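1. Build me a model:
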Amino acid sequence: MKSFRVRPRTLGALLLAVLLSTLIGGGALLAPTAQAEDAATTRTVTLPATRTTYTSSAATTTNFSTATTLFGSKTMYASYLGFDKLTLASGESITGASLNLNVTSVGGSGSTDVTVVPVNNSWTAAKVTYTARPAALGAEVNTTSTAPAGKTSALKLNASKVASQITTGASFEVRNTVSAAQLNFSATGAKAPTLTVTISTSGSSSNSSTSDKTSEATDSATDNGKMVFAHYFPPYPVSIDNKASDADYYARHYLVASGENGKYASVGGLLRDRPLTRDPISGNYKLEDLKTEVRQAIDAGIDGFAVDILSLSGSNWDRTVLLMQAAEAVSSDFKIMLQVDATASAGKASAADLAAALATLSKYSSVYKVGGKVVISPFKAENKTASQWKSILDLMKSKYSISTAFFPVFLNASKMSDYASISMGFGNWGARDPLLTANGPNYAAQAHKLGKLWMQPVAVQDERPNQKLYDEAGNTETLRAGWDKAISQDADWVLLTTWNDYSEGTSFAPSDDHGYSFLDISKYYATQFKTDAKPAITSDVIYVTHRIQSYKTKPSYSGIMVQWSGNRTTPRDTVELLTFLKASTTVSVKVGSKSYSYTAPAGVSAKTFPLETGYTTVTATRSGSTVASVKTKDAVTSTVTQQDLSYHAVSSSGR
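-> The predicted structure follows:
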């Protein structure tokens, strides 16, 4: 896990000092004992790929592990290569590496710009599909990217970035980022992928140990320590009953007016969106679905889930326990923060019962800790006094020997000073309106003045049919305003609100209505948040967001309308293009029957157009070539049976 900061740019140095003190005290950084050093030597080892497969976004549940040819393209195909771990002798280090691919052909333009990205190594080729693919562990690690057809191309890798993975078992995702140029390479036999590793020794094992520890300390000092969590809502898993998506519980009950015996008939049903669908799977589908969600979160730059602990028994509790297990199984770096819901039965339980439940969850290695202390981060913490929370934390210590760090999340963060004596930091649930988000109080500064961390909320939108209420999100304006505030006001952590609460329409998780769009947009800002620098845009991508009806359209099924909340941003009917471009580009847009054209600048920019019935199509061209294009998945209609004021989204990336 990354370190945390008490204050920006100060705790990193403090942690480094502590780390160095600890290492020196243990002798790890002491000068090597006097002995004759061996002469420097170099050897080369070639590792064959022991696992190969590829995935296709056009066949999301199909496994291709028996394929003899692998494919890599910008959006549709990705190949996955796994290698057994390499054991080094004492004093050895990896000083060079290359991934070798026998390229049989390159479709389309024949151009290649290959990316090699490390992925989680705990995958089995026979189980990999597009919806269950290994999660990325970082950015591109190759320093060469040309792979001409008919040759075995040695893609040089950054040795310092891949050394630790090679010694524990390396896995890579391979793509060709050139549009309409598919990379094809051999999967089996003498021409299968290989990993060539250069190993060097400079003498004694003492010197090697010193070098490794110094590198570790340097990494700790350069990491800005910022964390991103996503609020996980147990009632809405990927699948409730593991049935086909057109006949499962979401389809039969949550998404239709007649569902659950007409409980939400007056508003056309409980939900408007659902998790991205999948075919039924075998085995423990509940656990496997949670693993998938963990991988999706990791791929989006999220460090952990803040799980909404709603109850201390029943299906939501069982799913919370499974989530702890899923995180353990997928990655030791992905953690679960315990977020007791003070408005639900868990928050209303006795101190003894709640302490016991939290102690049960704290036994899992996936629980989020800071300095060895389990982080307890209740939602709507103001429902209990500071003394009431302290009694629960004291019980965890006295009865279960569990040390805790309290990190309350408020609906009204102006109360933070009342809890300062027992807290390491604070968060707020936040607004879902772009003007309120951008112009709200600077709570980060208030928390920092108290010497505490601040967790900034970032949300997409808010639409609650069951409460007959919605905020105007302004397409992606609320999402971008939340991230802008986290970055500009130097928040320490971010809480995405939420990962999957579909009853509030706030989900970042991949869904039927917005695919990966909101999650991918968020990933860009999460990277900037964690690195203190805007990421380089290496691919041209366009995101289109829109409602599928005017906010004024009255549904035919019921006379009850979901009402605007009355917050600062008034309702609007717009289509937004959010562009991530490598260079200035001509963008042609057709919204329904109306056409537009404009020049979009390099970098990130947004432009809106009036909503019209029908579909929206977008084409971006540069120097006479199309660099990105997309068409909306859902049409805008003038007559509806069910009111849906959530924003739908599509991406030119195909996700």
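
2. Need phi/psi at S164.
-> The phi/psi pair for S164 (degrees, to the nearest 10) reads phi -70, psi -30.

3. Per the annotation, how does this protein divide into domains?
-> 1-30+205-224, 41-201, 227-236+283-532, 563-651 (automatic domain parsing).

4. How far off centre is the last one?
-> Relative to its parent chain, domain 563-651 has a centroid offset of 24 Å by CA atoms, centre = their mean, to the nearest Å.

5. Packed most tightly, which of the domains of the chain would that be?
-> domain 227-236+283-532 (a mean of 21; mean count of other CB atoms under 10 Å). (Each C-beta comes from the backbone N, C-alpha and C, glycine too.)

6. Rounded mean pLDDT for that domain, please.
-> Domain 227-236+283-532 carries an average pLDDT of 97.

7. so what's the residue most central in space within the chain up against?
-> Taking CA atoms, centre = their mean, the centroid of the chain lies closest to A300, which sits 2.6 Å from it. With contacts defined as CB atoms under 8 Å, 6 or more residues apart in numbering, A300 is in contact with F508, L519, D520, S522, K523, A526.

8. and if you look at A132?
-> By CB under 8 Å, 6+ apart, the contact list for A132 reads E288, K291, T292, R295.

9. So the first one sits against V294, correct?
-> Put plainly, it is E288. No. With contact defined as CB atoms under 8 Å, E288 does not reach V294; the gap is 10.6 Å.

10. how far away is the nearest residue to A386 once chain neighbours are set aside from M227?
-> Excluding its sequence neighbours, the residue lying closest to A386 (CB to CB, 6 or more residues apart in numbering) is Y419, at 4.7 Å. Using CB to CB, to the nearest Å, Y419 is found at 20 Å from M227.

11. hey, where'd the strands end up in the stretch 51-200 of the chain?
-> 69-72, 77-83, 92-106, 114-118, 151-157, 171-176, 183-186, 194-201 (DSSP state E, counting those that start in this stretch).

12. now those strands in TSV, with distance to A533 and mean pLDDT?
-> Formatted as TSV, these follow (distance: least, CB to CB, whole Å; pLDDT from 0 to 100):
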stretch	distance to A533	mean pLDDT
strand 69-72	28	94
strand 77-83	26	94
strand 92-106	26	92
strand 114-118	19	93
strand 151-157	23	90
strand 171-176	24	94
strand 183-186	30	92
strand 194-201	30	90
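
13. Quick one: closest of the ones you listed to S245.
-> Relative to S245, the nearest member of the strands of the stretch 51-200 of the chain by CB to CB is strand 77-83, separated by 23.4 Å.

14. what's next to the closest one, contact-wise?
-> For strand 77-83, the surrounding residues in contact (CB under 8 Å, 6+ apart) are 47-57, 70-72, 99, 119, 121, 123, 125, 128, 133-134, 166, 169-175, 182, 185, 193, 195.

15. try 7 Å this time
-> The contact list for strand 77-83 (CB atoms under 7 Å, 6 or more residues apart in numbering) reads 47, 49-56, 70-72, 119, 121, 123, 128, 133-134, 169-175, 182, 193, 195.

16. Could you single out the nearest of the contacts of A132 to T637?
-> T292 (32.3 Å).

17. And the strands in the stretch 201-350 of the chain?
-> Here the stretch 201-350 of the chain has its strands, by DSSP E, counting those that start in this stretch, at 227-232, 304-309, 335-340.

18. ok so, going back, pipe the domains of the chain into a markdown table and attach distance to N261 per row.
-> A markdown table is the format used below for the domains of the chain (distance: least, CB to CB, whole Å):
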| stretch | distance to N261 |
| --- | --- |
| domain 1-30+205-224 | 46 |
| domain 41-201 | 32 |
| domain 227-236+283-532 | 15 |
| domain 563-651 | 18 |
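
19. Of the ones you listed, which is nearest K554?
-> K554 sits nearest to domain 563-651 of all the domains of the chain, at 7.8 Å, using CB to CB.

20. Please state the mean pLDDT value computed over that closest one.
-> pLDDT averaged over domain 563-651 gives 97.

21. Endpoints of it, how far apart?
-> Separation of the first and last residues of domain 563-651 by CA to CA, to the nearest Å is 29 Å.

22. and if you look at stretch 429-446?
-> Length of stretch 429-446, first residue to last, CA to CA: 16 Å.

23. How far away from the center of its chain is that stretch?
-> Centre-to-centre, stretch 429-446 and its host chain are 22 Å apart (CA atoms, centre = their mean).

24. Also stretch 514-521?
-> Between the centre of stretch 514-521 and the centre of its chain there are 10 Å (CA atoms, centre = their mean).

25. So what touches stretch 582-596?
-> So stretch 582-596 is contacted by 537, 540, 575, 577, 579, 597-602, 609-610, 612-614, 616-622, 627 (CB under 7 Å, 6+ apart).

26. Let me fix that, I meant to ask about stretch 549-568.
-> With CB under 7 Å, 6+ apart, stretch 549-568 has contacts from 257, 266-268, 433, 435-436, 465, 468-472, 571, 573, 611, 636-645.

27. And the closest residue to W317 other than its chain neighbours, how far from V630?
-> Once flanking residues are discounted, W317 sits nearest to S311: 5.3 Å by CB to CB, 6+ apart. As judged by CB to CB, S311 and V630 stand 42 Å apart.

28. Report the contact partners of the residue nearest to W317.
-> Taking CB under 7 Å, 6+ apart, one finds W317, A344, S345, A346 in contact with S311.

29. can you pull the contacts of the residue nearest to S366 when sequence neighbours are not counted?
-> Take S366 and drop its neighbours on the chain: the residue closest to it by CB to CB, 6+ apart is A327, 3.7 Å away. The contact partners of A327, by CB under 7 Å, 6+ apart, come to V294, F334, K335, I336, S366.

30. 6 Å instead, please
-> A327 makes contact with V294, F334, I336, S366, according to CB atoms under 6 Å, 6 or more residues apart in numbering.

31. Can you tell me which of the residues you listed is closest to A447?
-> The closest of these to A447 turns out to be I336 (CB to CB; 23.0 Å).

32. in the sheet, who's paired with the closest one?
-> F305, V367 (DSSP bridges).

33. Distance of it relative to E612?
-> According to CB to CB, I336 stands 44 Å off from E612.

34. Setting the sequence-adjacent residues aside, check what's closest to A125.
-> S65 (3.9 Å).

35. H448 should be in a strand, yeah?
-> No. Counting by DSSP: H, G, I helix; E, B strand; the rest coil, H448 is not part of a strand but helix.

36. shift numbering so it begins at 36
-> All right, first residue 36 from here; so that's H483.

37. how much space between it and F564?
-> Distance, H483 to F564, by CB to CB: 16 Å.

38. Dump the contacts of S346 to a markdown table, plus distance to G117.
-> Putting the contacts of S346 into a markdown table (distance: CB to CB, whole Å) gives the following:
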| residue | distance to G117 |
| --- | --- |
| W352 | 36 |
| A379 | 42 |
| S380 | 44 |
| A381 | 40 |
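
39. What is whichever helix or strand A394 is part of packed up against?
-> For A394, the host element (DSSP states H and E) is helix 386-397. In terms of contacts (3 or more CB pairs under 6 Å, 6 or more residues apart in numbering; DSSP states H and E), helix 386-397 is packed against helix 421-435.

40. Mind checking the domains of the chain for the one nearest to D281?
-> D281 lies closest, by CB to CB, to one member of the domains of the chain: domain 262-271+318-567, at 11.5 Å.

41. Kindly check the end-to-end length of that closest one for me.
-> End-to-end distance for domain 262-271+318-567, by CA to CA: 13 Å.

42. now that domain: how far from the chain's centre is it?
-> Averaging C-alpha positions (CA atoms, centre = their mean) puts domain 262-271+318-567 14 Å from its chain's average.

43. ok, now stretch 676-690?
-> 19 Å.

44. Tell me who's in contact with V163.
-> T88.

45. one more time with 8 Å, if that's ok
-> Going by CB under 8 Å, 6+ apart, V163 touches T88, T90, N98, S100, Y115, P169.

46. Closest to K278 out of those residues?
-> N98 (20.7 Å).

47. Check that closest one and give its pLDDT.
-> The confidence metric pLDDT takes the value 93 at N98.
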